[in-house]
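Visitor: Pasting the sequence and the predicted coordinates here, then a few questions.
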Amino acid sequence: MVDTGKGDLSLVALTKSYGSFTAVQPLDLTIEAGSFFALLGPSGCGKTTTLRMIAGLDAPTSGRIRIGEKDITDTKAYQRNVNTVFQSYALFPHMTVLDNVMFGLKRRGDKDAKRKAQETLELVQLAQVGDKRPTQLSGGMQQRVALARALVNRPDVLLLDEPLGALDLKLRRQMQIELKRIQQEVGLTFIHVTHDQEEAMTMADRIAVMNAGRLEQLGDPATLYEMPRSTFVANFLGQSNLLRAQVLGGPSDDGVVRVRSHDTDLEVSREHLPDGVTDVWLGVRPEKLRLGEAGGPNRLRGIVRDVSFTGVATQYIVEMPWRQELTVVQQNDGTARATLGETVTVSWAATHGFALDASQDAEAGAELVDEHG
Amino acid sequence: MAESGVLPAPPTSAPPAARPLAEPRKRRNWVPYALLLPGMLWLVVFFVLPMITLGSQSLQEGNVDDGYVFTGNVGIYVDAFQQYWPQMVRSLLYAGTATVLALLLGYPLAYFIAQKAGRWKNVVLVLVVAPFFTSFLIRTLAWRTILSDDWFITQWARKLHITDLLQAVGLTSNDSLLFSQFAVIMGLTYNFLPFMILPLYTSLERLDPRLLEAAGDLYASPWQTFRKVTWPLSLPGVVAGTLLTFIPAAGDFINARLLGNTQTTMLGSVIDAQFLRVLDYPLAAALSFIMLLTIVTMVTIYVRKAGTEELL
């Protein structure tokens, strides 16, 4: 009954519509077997719908889902070798923890269910609570039971639907590390759905950023952060300062392109500039900016309007002559700190900037960032 | 109350409640007792006292003309049982069959209302309760028309040889449907069905659909999901519904009198006749007590078996 086709998970032009509303635009995605993959986006971006289609809980409007060579699009949830860790955990309240974990194995007639369930409970460090009821456990422990219940079946794909959303910040950080360890230990494909960009970057090998039912950008965490390809990604993953600029001709010999922003000439690496655009947003991350001239050849002058000391770093708000406020984060590494009202130079290197097509909304995604994310 | 099998008590490791810093002067709080008082009074006057009277009445001897005197005649229980055990067995059998039928009819309906009816939920619930707007007697009398020989149901049942089948298994004694065991059981099922549906609905309404999704995600087919998740989680409703159907059905005498014949008399009819027509009060009282004890015993065993002691 159950498909056991090992291999990569591929989504081919997968679409989901509810009447006239399209929750997921045609989505093409290949998720490598054994990887830790994150579907990241604000609520309503279609990530949970995508996950539910992979699980078989929702039927796609069109498109195919494959695991390896096997097409599973038309199989029922219970026929798929895919398991889900639900956001609400959805543990069976009338069964013990051990019975919960054995549930999947027993449905498939596994004779060794009890031993495997015990082992998996040990893996999630809950070996002693097997005969308790889920309601007797704390939220964090229930979360581990839900994980064990899915993990024990050794599915081709393990889906995690915001599994850490209900935990407090400290426990969440702990579970992120724990999940990553378990994934490396068992070597299964994990697909983690989250709206928390930091969580996605901490845990995943690869991240697909989704927005309004579409895939915005796909890549490893560092690439997404250093070279976002849209203002949405630039703002949703961390913070960005975006300066309006015009491209001033082709690249020079040293691989940089000169742009002009607010009557100042600036440089950006050739590979950080999309082809064929002349009007751009020149982006630079707050921690790449330096106070003073040490940061690089790109220099702007402004007045310090706000200083907030956070211990490891100091965050400055620097107002440019054209009223735009840049955020600068300076590591607490012993360099002199600027004071409120002081006129400062802000500098950065050409390789630290990235250019985005200026036809996009500079604020896209900024308002969606989760506060404690 | 006994600890629930479905929702266990929280672990006992919780720290003891902190003692208030300044202990207020000890003062009895009378409010809870005041709230209990009317109900307790009601029960004492209209339940406990009548039960004692009934108990003592069952141990009296004499006749209507000379009056009854208390003699402690325990033997009447043996006599009553020996004389009327067929009616007793019949009462339990009819009530049991009606309860099973009501469960089979009520469970799918309750499931539909609770999980699938959406905005029609309240409409369907009102329809379930609607028969209560007319009297029990009228509803039962209506079944005389429904099952009468010249109405289409009996006609069709004859054409489809259902009447022959019912006769063969002994539920009817001729090719009519009315005035038979069949008619009595149908009447009981119909009259007590809402008592089955409402507790089932309450219990299925609380069933989290995400648990059903989780079961499907863990390789349980729809049937396995029902057997392993839906059914066990709805057991409190099943137990409550079957009790609320079985207990009044076992004591009922209207259905047996209006839809049955002399061979379908239930214990309720006997008690009714002994109290109001024969005027043999001790026998009637003894029969009432036998009925009471039988049902309490059965219910206790049943609830223990189902693991839903919190309903007791």
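Guide: Okay, I see it. Numbers count the residues shown, from 1 in each chain, chains lettered A, B, ... in the order given.
Visitor: Show me which residues of the stretch 101-250 of chain B sit near chain A.
Guide: Counting by Cβ under 8 Å from any Cβ of the partner chain, the stretch 101-250 of chain B comes close to chain A at B:208, B:210-211, B:213-221, B:224, B:228-229, B:232-233. Glycine gets a C-beta too; all of them are placed from N, C-alpha and C.
Visitor: Quick check: A:Leu215 is in a strand.
Guide: Yes. The assignment for A:Leu215 is a strand, going by DSSP: H, G, I helix; E, B strand; the rest coil.
Visitor: Give me the buried entries from the residues of the stretch 101-250 of chain B next to chain A.
Guide: Taking 16 or more other Cβ atoms under 10 Å in any protein chain shown as the criterion, what is buried in those is B:211, B:213-220, B:224, B:228-229, B:232-233.
Visitor: So which of those residues are in helices?
Guide: B:211, B:213-217, B:224, B:232-233 (DSSP state H).
Visitor: circling back to that earlier point, same list (the buried ones among the residues of the stretch 101-250 of chain B next to chain A) but as CSV, adding pLDDT and distance to B:Arg304.
Guide: Below are those laid out as CSV (pLDDT from 0 to 100; distance: Cβ to Cβ, whole Å):
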residue, pLDDT, distance to B:Arg304
B:Leu211, 95, 26
B:Glu213, 94, 33
B:Ala214, 95, 30
B:Ala215, 95, 27
B:Gly216, 94, 32
B:Asp217, 94, 34
B:Leu218, 95, 31
B:Tyr219, 94, 33
B:Ala220, 95, 28
B:Gln224, 95, 27
B:Lys228, 94, 22
B:Val229, 94, 23
B:Pro232, 92, 16
B:Leu233, 92, 19
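Visitor: Do you have the helices of the stretch 201-312 of chain B handy? List them.
Guide: B:209-217, B:222-225, B:231-251, B:254-259, B:267-273, B:281-306 (DSSP state H, counting those that start in this stretch).
Visitor: I should have written chain A there, sorry.
Guide: Under the criterion DSSP H, chain A contains helices at A:47-55, A:97-107, A:113-123, A:139-151, A:169-186, A:197-203, A:221-226, A:231-236.
Visitor: Chain B is nearest to which of those helices?
Guide: Evaluated over those, closeness to chain B peaks at helix A:97-107, with 3.8 Å, by Cβ to the nearest Cβ.
Visitor: Now the closest one - C-alpha only, CSV.
Guide: C-alpha atoms of helix A:97-107 as CSV (Å, rounded to 0.1, in the frame of the first residue of the first chain):
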residue,chain,number,x,y,z
VAL,A,97,3.1,8.4,24.5
LEU,A,98,4.5,5.0,23.4
ASP,A,99,1.2,4.1,21.7
ASN,A,100,1.3,7.5,19.9
VAL,A,101,4.8,6.8,18.6
MET,A,102,3.9,3.2,17.6
PHE,A,103,0.7,4.3,15.8
GLY,A,104,2.3,4.5,12.3
LEU,A,105,4.4,1.4,12.6
LYS,A,106,1.4,-0.6,13.8
ARG,A,107,-0.8,0.5,10.9
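Visitor: quick one: it near chain B?
Guide: Yes. Applying Cβ under 8 Å from any Cβ, one finds that helix A:97-107 is in contact with chain B at A:103-104, A:107.
Visitor: How many neighbouring residues does the residue of the stretch 151-300 of chain A found nearest chain B have?
Guide: Per Cβ to the nearest Cβ, the residue of the stretch 151-300 of chain A with the smallest distance to chain B is A:Asn153, at 7.2 Å. Using other Cβ atoms under 10 Å in any protein chain shown, A:Asn153 is surrounded by 25 other residues.
Visitor: repeat for A:Val312
Guide: Counted by other Cβ under 10 Å, the residues lying close to A:Val312 total 9.
Visitor: what do you get for B:Leu103?
Guide: Quick note: B:Leu103 (other Cβ under 10 Å) scores 19 neighbours.
Visitor: Then it would be within a helix, right?
Guide: Yes. Counting by three-state DSSP, one finds B:Leu103 located in a helix.
Visitor: Could I get the buried residue list for the helix or strand where B:Leu36 lies?
Guide: Element membership of B:Leu36, judged by DSSP states H and E, is helix B:31-43. Of the residues in helix B:31-43, none is buried by neighbour count under the rule 16+ other Cβ under 10 Å.
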